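>>> give me a model of this one.
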Amino acid sequence: MGNKPSYLRTPEESKETVFTSVVHRIPALIYLGDNKILSFAERRMTTDDASTVALDMRTGKVNRNQESNPEVTIEWSDVKEVTKAHLHGCRPMNPCPVYEKNSKTLFLFFICVEDGVTEGDQIEHHKNETHLCYIKSTDDGQTWSEVTVFTENELDEIEQWDTMGVGPGHGIQMESGRLIVPLYAYYPCCFYCSCYCCCWCDSSFALCLYSDNQGKSWTLGNKLTMKSNECEMAEVFDDKGKSIIYCNARLPGHHVGCLVGQRIEAFSKSGGEEFGTANSVVKLLDTGCQGSVVSFPDQSEVQPVHNKWLLFSHPTDEYKRVDLGVYLNKTPQNPNAWNKPWIINYGPSGYSDLAYIDDGWFVCLMECGEKTETEQIACRVFSYNHVEQAIAE
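Numbering: from 1, shown residues only. Reported below is the predicted structural model:
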């Protein structure tokens with residue numbers, strides 16, 4: 001029997017394993033155009049955050065069948081270690097790719113943490129032992145540059161942080177050409193209350209790193225006004241066609257099994273330099289997990305100039321990392337406009353990353369498994385029509 005067209009497949013039938021055999025976590029995805037897509041993940045010895053040993057990648061070719069039953073599939077290469085994403089005595093974490101379309105330069109941002117040091121250690125002792133790094137490629141990830149490490153001289157705010165993270169997930173390029181990389185940083189309580197103590201009351205805030213010269217130099221934007229954590233960003237437009245950066249962030253300090261919380265969102269009219277008042281979003285649950293957001297062109301028959309919609313992915317259960325769903329918002333500035341989720345992976349589900357691959361099609365790279373969400377990283381390919389039909393049911 002031949003393969004079923006995608007619109008007839010169940011979620012399990014259309015899911016494909018991308019990373020497995022050893023422990024892989026923290027997926028990241030970037031679409032380069034011309035049917036080229038790249039996936040990244042941390043390779044670990046165990047599921048523990050402190051056991052990461054390398055960043056791995058797979059390149060993919062998007063195959064499009066435009067016959068009577070349109071179908072999109074991805075042909076993945078073998079797993080390859082990104083050997084340049086490394087600093088001696090450190091472990092690489094949080095892959096976050098961003099693509100500069102004009103120079104066709106792919107940047108892979110990540111952090112390198114001193115071996116044996118956990119995030120909790122840094123927060124407890126107010127000592128940042130995390131390095132913000134990137135490598136770049138001009139041949140679609142076949143070869144990479146040597147690693148670049150940001151210093152306090154380049155980004156002086158780093159010295160205020162107890163630790164930091166990038167993404168995880170993808171960065172974006174605005175239509176203006178500006179590159180944006182999502183970050184979050186922990187600020188010591190002493191930064192606010194003038195006490196000097198060894199405590200655990202640090203507060204994390206989402207912010208971004210941006211570049212207006214194709215990645216030659218980078219500047220930090222101001223942090224969100226509300227405590228926030230792992231984040232992703234997307235570009236949308238107001239009714240006058242003016243650009244707005246949308247930020248969707250994890251609730252800090254919220255863990256699996258806690259009472260349900262809400263995601264945090266904020267908007268920037270200055271390309272990520274400054275965000276307006278951040279707010280929690282009642283319709284988007286936060287169960288102590290990272291989520292992904294991507295913008296895509298208005299799919300209605302009459303498309304206003306520069307109008308874009310949002311798609312968001314996250315586990316949908318109130319207490320556990322299970323049942324990954326995608327949420328749709330056709331009016332991005334309205335937090336009440338999010339639709340009910342369409343479940344694209346039933347059962348254990350964790351971190352995810354979304355990519356829009358044109359023509360109304362998406363790819364979601366996600367942690368999932370039968371007993372736990374750390375068994376594999378798989379991808380699902382689906383269209384806007386799939387989302388629309390599922391929401392309507």
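
>>> Asp228 and Arg250 touch, don't they?
Let me fix one detail, which is that residue 228 is Ser and not Asp. Yes - here Ser228 reaches Arg250: they are 7.0 Å apart, a contact under CB atoms under 8 Å. (Glycine included, C-beta is placed from N, CA and C.)

>>> now the common contact residues for these two.
By CB atoms under 8 Å, 6 or more residues apart in numbering, Ser228 and Arg250 have these common neighbours: Ile264.

>>> wait, a helix at Ile391?
Yes - under DSSP: H, G, I helix; E, B strand; the rest coil, Ile391 sits within a helix.

>>> now it, nearest residue through space, not along the chain?
In space, Ile391 comes closest to Asn339 once its chain neighbours are excluded; the distance is 4.9 Å by CB to CB, 6 or more residues apart in numbering.

>>> go on, Glu159?
Glu152 (4.7 Å).

>>> tell me how far His386 lies from Glu393.
Using CB to CB, to the nearest Å, we find His386 at a distance of 11 Å from Glu393.

>>> so for those two, which sits in the more crowded spot?
It is His386, of His386 and Glu393, that has more neighbours when counted by other CB atoms under 10 Å, with 21 against 5.

>>> Leu32 reaches Pro97, doesn't it?
No - the pair Leu32 / Pro97 is not scored as a contact, 9.3 Å apart, by CB under 8 Å.

>>> picking that back up, list the contacts of the residue nearest to Ile391.
Each residue near Asn339 by CB under 8 Å, 6+ apart is listed here: 327-329, 391.

>>> report the two of the residues you listed separated the most.
Greatest spatial distance in the contacts of Asn339: Asn329 and Ile391, 11.3 Å, computed using CB to CB.

>>> gap between stretch 46-57 and the chain center?
With CA atoms, centre = their mean, to the nearest Å as the basis, stretch 46-57 stands 17 Å off its chain's centre.

>>> what do you get for stretch 312-324?
Using CA atoms, centre = their mean, the offset of stretch 312-324 from its chain centre is 16 Å.

>>> with stretch 217-228 instead?
Distance, centroid of stretch 217-228 to centroid of chain: 16 Å (CA atoms, centre = their mean).

>>> quick check: end-to-end length of that stretch?
Distance across stretch 217-228, first residue to last, is 26 Å (CA to CA, to the nearest Å).

>>> what does it rub up against?
Stretch 217-228 has contacts (CB under 8 Å, 6+ apart) with 150, 154-155, 157, 181, 183-185, 203-211, 247, 249-253, 264, 266, 268, 272-280.

>>> mind checking which of those are buried?
By neighbour count, with 16 or more other CB atoms under 10 Å, the contacts of stretch 217-228 hold 150, 181, 183-185, 203-211, 247, 249-252, 264, 266, 268, 272-273, 275, 278 as buried.

>>> so where is the chain shaky, pLDDT-wise?
For the chain, the stretches with pLDDT under 70 are 1-14, 68, 189-202, 254-260, 302-305.

>>> quickly list what Phe107 is bridged to.
On the basis of DSSP bridges, Phe107 is bridged to Val98, Lys136.

>>> does it really touch Gln173, like I thought?
No - using CB under 8 Å, Phe107 is not in contact with Gln173, being 10.1 Å away.

>>> shared neighbours, those two?
Joint contacts of Phe107 and Gln173 (CB under 8 Å, 6+ apart) are 98-100, 179.

>>> quick one: which of these is nearest Thr17?
Nearest to Thr17 among these, with distances taken as CB to CB, is Tyr99, at 24.8 Å.

>>> ok, so what distance separates the closest one from Asp156?
In terms of CB to CB, Tyr99 sits 28 Å off from Asp156.

>>> and those two? Which one has more around it.
Tyr99 (22 against 10).

>>> coming back round to it: now the shared contacts of Phe107 and Gln173 in a markdown table, with distance to Lys15?
A markdown table is the format used below for the shared contacts of Phe107 and Gln173 (distance: CB to CB, whole Å):
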| residue | distance to Lys15 |
| --- | --- |
| Val98 | 26 |
| Tyr99 | 25 |
| Glu100 | 31 |
| Leu179 | 31 |
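
>>> partner strands of the one helix or strand Ala28 maps to and their direction?
Ala28 belongs to strand 23-33 when elements are defined using DSSP states H and E. In the sheet, strand 23-33 lines up against strand 36-44 (antiparallel) (DSSP bridges).

>>> ok, then the element right after the strand it pairs with?
Sequence order places strand 52-65 as the next helix or strand after strand 36-44, per DSSP H and E.

>>> tell me which other helices or strands that next one touches.
Judged by 3 or more CB pairs under 8 Å, 6 or more residues apart in numbering; DSSP states H and E, strand 52-65 is in contact with strand 15-19, strand 36-44, strand 71-76, strand 80-81, strand 90-100.
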